[in-house]
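J.: Whatever this is, show me its structure:
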Amino acid sequence: MGRLSDNTILITRGTIIDPTSDLNRTTVDLFIENGLVKTISKTAIKQKADVTIDAKGCYILPGLLDLRCQLKDPGYEHQEDITTGAAAAAASGFTALAVQPTTDPVVQNKSQIEYLKQLSDKVLPDILPIGAATHNMESQDISEMYDMRQAGAVGFSNGDNGYQSSGTLTRALLYSKQVGGLIMSHALDADLAVGASVNESAVTIHTGLKQQPDLAETSQIKKEIDIAEYADAPMHFSHISSAKSVDLIRKAKKAGLNISCDVSIWHLIYTDNAILEYDTNFKVTPPFRSEADRKALIKGVNDGTIDAIVSDHNPQNVENKQVEFDYAQCGINGLQSFYALYNEKLTDVIDLETFVARAAFNPRTLLGMAANGIKKGAKANLWVADPATDWKLDKTTNLSRSENNPLFNSVLKGKCQFIINGLNHNSY
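T.: Take a look at the predicted model:
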């Protein structure tokens, strides 16, 4: 990782993609000094710089913020740690990561938030800790939300556990109004999910795998929307997966409720057909659903019902995946392949401006952060994306500790060429 002191960086001939900028879709030279954007010019900048990046044929985009990822530190560093997860993220355009509390011990007190904040100083992306909403993420008692918020927690979550106690969720929402911090939900009725591995559908019925109906998600979303309305508090639904969920959230928003949601990039691309070869790398929570659901999720992204696109990065060691499907752990290692997935699979249905809004701007807004875009005088928080470069995700290029990505050993198209976050930068 490069370190800027009085250094200067010149990015030449790149096309800005920033829907908030008058220069959107304009080819420019961009001069950075001491971590700030000093000059943006439609004509060539002749000033010499310590680092020069030729961005011809590339896009210059605002730094992405992943609203949902698991970095497993502390406790599961054999799967991922802050350093490796941050490196994989930066290589796909992320300058900030909202990190789930799914560690051992669970992130649920002031000192654990401070630990993660200290690690943020050593990596390029900003590490934004999410604390546990309830003690041990078990939905019995609310956590030390005030102390964690004061220490720097940006929100509160139960990870991949649903809120099984309506009373505890109500108290968490009411308390969050006083302390701040977004309450995030993995909407799941555990009784309806019954340890299922795949979507309940005509596609999966002959697989012999345990099936989960979309009712396990939608019934919980209905209940939690009602609770959020009662508490008059913001509520965020993480990695939704079904058309019915999109409809419920769309109606709640139209009714004026402070409801938001995100979707995993994988659910915008894959359906339950993906599991027919029993590749455990396609086992995720929530499960991939139908083609109709996938199309409804894309529509939700485009019409603004879905606020954010996330990596849902969940690295797993090989022993957790190379087992029978029902016994495999859920999760895909998804940070480093994030941009390539969008570039290859989604550009025909989600334009670049919408991608920037859902993966860079909206996540910051949801966390109460400024989304300044690429502007003169602003902090340099941006990256250069090369949509034409092919690269192979394999043992030599993988920056994560884990390899549980269904595209591992595949050639991908689209790569981060350069990234900068204030005084830190890197080239690839």
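
J.: what about the residue nearest to Lys122 when sequence neighbours are not counted, which SS state?
T.: Excluding the flanking residues, the one nearest Lys122 by C-beta to C-beta, 6 or more residues apart in numbering is Thr83, at 7.1 Å. Backbone N, C-alpha and C define where each C-beta goes, glycine included. Put simply, Thr83 is helix when judged by DSSP: H, G, I helix; E, B strand; the rest coil.

J.: tell me which residues in stretch 340-352 are buried?
T.: Residues of stretch 340-352 classed as buried: Ala340, Leu341, Tyr342, Asn343, Glu344, Lys345, Leu346, Ile350, Leu352 (neighbour count, 16 or more other C-beta atoms under 10 Å).

J.: Are we agreed that the second one is in a helix?
T.: Yes - assigned with three-state DSSP, Leu341 falls within a helix.

J.: Excluding chain neighbours, what is closest to it?
T.: Nearest to Leu341 is Ile265, by C-beta to C-beta, 6+ apart, at 5.5 Å.

J.: that older thread, from the buried residues of stretch 340-352, which is closest to Val246?
T.: Ile350 (14.6 Å; C-beta to C-beta).

J.: and the helix or strand that contains Arg250, how far out from the chain's middle?
T.: According to DSSP states H and E, Arg250 maps onto helix 243-254. Relative to the chain's own centre, helix 243-254 is displaced by 21 Å; criterion: C-alpha atoms, centre = their mean, to the nearest Å.

J.: Dump that helix to CSV, restricted to CA.
T.: Coordinates of each C-alpha in helix 243-254 appear next as CSV, following Å, rounded to 0.1, in the frame of the first residue of the first chain:
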residue,chain,number,x,y,z
ALA,A,243,-39.9,-10.5,-5.1
LYS,A,244,-42.4,-10.4,-2.2
SER,A,245,-39.8,-8.8,0.0
VAL,A,246,-39.2,-6.1,-2.6
ASP,A,247,-42.9,-5.5,-2.7
LEU,A,248,-43.3,-5.2,1.0
ILE,A,249,-40.4,-2.8,1.3
ARG,A,250,-41.7,-0.7,-1.6
LYS,A,251,-45.1,-0.4,0.0
ALA,A,252,-43.5,0.5,3.4
LYS,A,253,-41.5,3.3,1.7
LYS,A,254,-44.5,4.6,-0.1
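
J.: What residues sit buried inside that helix?
T.: Buried residues in helix 243-254 (16+ other C-beta under 10 Å): Ala243, Lys244, Ser245, Val246, Leu248, Ile249, Arg250, Ala252, Lys253.

J.: hang on, the earlier thing: just send the buried residues of stretch 340-352 back as CSV, with distance to Asp303 and pLDDT too.
T.: Below are those laid out as CSV (distance: C-beta to C-beta, whole Å; pLDDT from 0 to 100):
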residue, distance to Asp303, pLDDT
Ala340, 25, 98
Leu341, 21, 98
Tyr342, 18, 98
Asn343, 22, 98
Glu344, 23, 98
Lys345, 20, 98
Leu346, 16, 98
Ile350, 11, 98
Leu352, 17, 98
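
J.: Which of these sits closest to Asp126?
T.: Once C-beta to C-beta is applied, the member of the buried residues of stretch 340-352 that ends up nearest Asp126 is Tyr342, at 21.3 Å.

J.: now that closest one: how far from Ala385?
T.: To Ala385, Tyr342 is 9 Å away according to C-beta to C-beta, to the nearest Å.

J.: can you list residues touching both of these two?
T.: Common neighbours of Tyr342 and Ala385 are listed as Gly414 (criterion: C-beta atoms under 8 Å, 6 or more residues apart in numbering).

J.: Surely Gly334 and Asn404 touch.
T.: No - judged on C-beta atoms under 8 Å, Gly334 makes no contact with Asn404 at a distance of 9.3 Å.

J.: the more surrounded of the two?
T.: Gly334 (28 against 25; other C-beta atoms under 10 Å).

J.: quick one: pLDDT of the residue sitting furthest away from the middle of the chain?
T.: In the chain, the greatest distance from the average C-alpha position (C-alpha atoms, centre = their mean) is reached by Lys46, at 37.8 Å. You'll see Lys46 listed with a pLDDT of 95.

J.: ok, the residue nearest to Lys122 - how many residues close by?
T.: 16.

J.: Outline the domain layout of this protein.
T.: Split into domains by automatic domain parsing, the chain comes to 2-60+375-393+412-427, 63-366.

J.: Can you classify Asp29 by secondary structure?
T.: Relying on three-state DSSP, one would call Asp29 strand.

J.: Make sure it is actually in contact with Ile9.
T.: No - Asp29 is beyond contact range of Ile9, at 11.2 Å (criterion: C-beta under 8 Å).

J.: May I have the phi/psi pair for the spatially closest residue to Ala196 that is not a sequence neighbour?
T.: Leaving aside its sequence neighbours, Ala196 sits nearest to Gln212 (C-beta to C-beta, 6+ apart; 3.3 Å). For Gln212, the backbone dihedrals (degrees, to the nearest 10) come out as phi -120, psi 120.

J.: Provide a list of residues in contact with Gln212.
T.: Leu192, Ala193, Val194, Ala196, Ser197, Val198, Asn199, Glu200, Pro286, Pro287 are the contacts of Gln212 under C-beta under 8 Å, 6+ apart.

J.: What's the local residue count around the last one?
T.: Other residues within reach of Pro287, judged by other C-beta under 10 Å, total 28.

J.: hmm, back to that, of the domains of the chain, flag the one that's most buried.
T.: Highest mean neighbour count among these (mean count of other C-beta atoms under 10 Å): domain 63-366, with a mean of 21.

J.: centre of the chain versus that domain, how much separation?
T.: Taking mean C-alpha positions (C-alpha atoms, centre = their mean), domain 63-366 and its chain are 8 Å apart.

J.: What is the linear distance spanned by that domain between its boundary residues?
T.: 16 Å (C-alpha to C-alpha, to the nearest Å).

J.: do the same with stretch 298-308
T.: End-to-end for stretch 298-308, by C-alpha to C-alpha: 11 Å.

J.: Phi and psi next, for Phe237.
T.: Dihedral angles for Phe237 - degrees, to the nearest 10 - are phi -100, psi 120.

J.: Which pLDDT does the model give it?
T.: Taking Phe237 on its own, its pLDDT is 98.

J.: per-residue confidence for the residue lying closest to it once chain neighbours are set aside?
T.: Nearest in space to Phe237, with sequence neighbours left out and distances taken as C-beta to C-beta, 6+ apart, is Cys261 at 4.0 Å. Here the pLDDT value assigned to Cys261 is 98.
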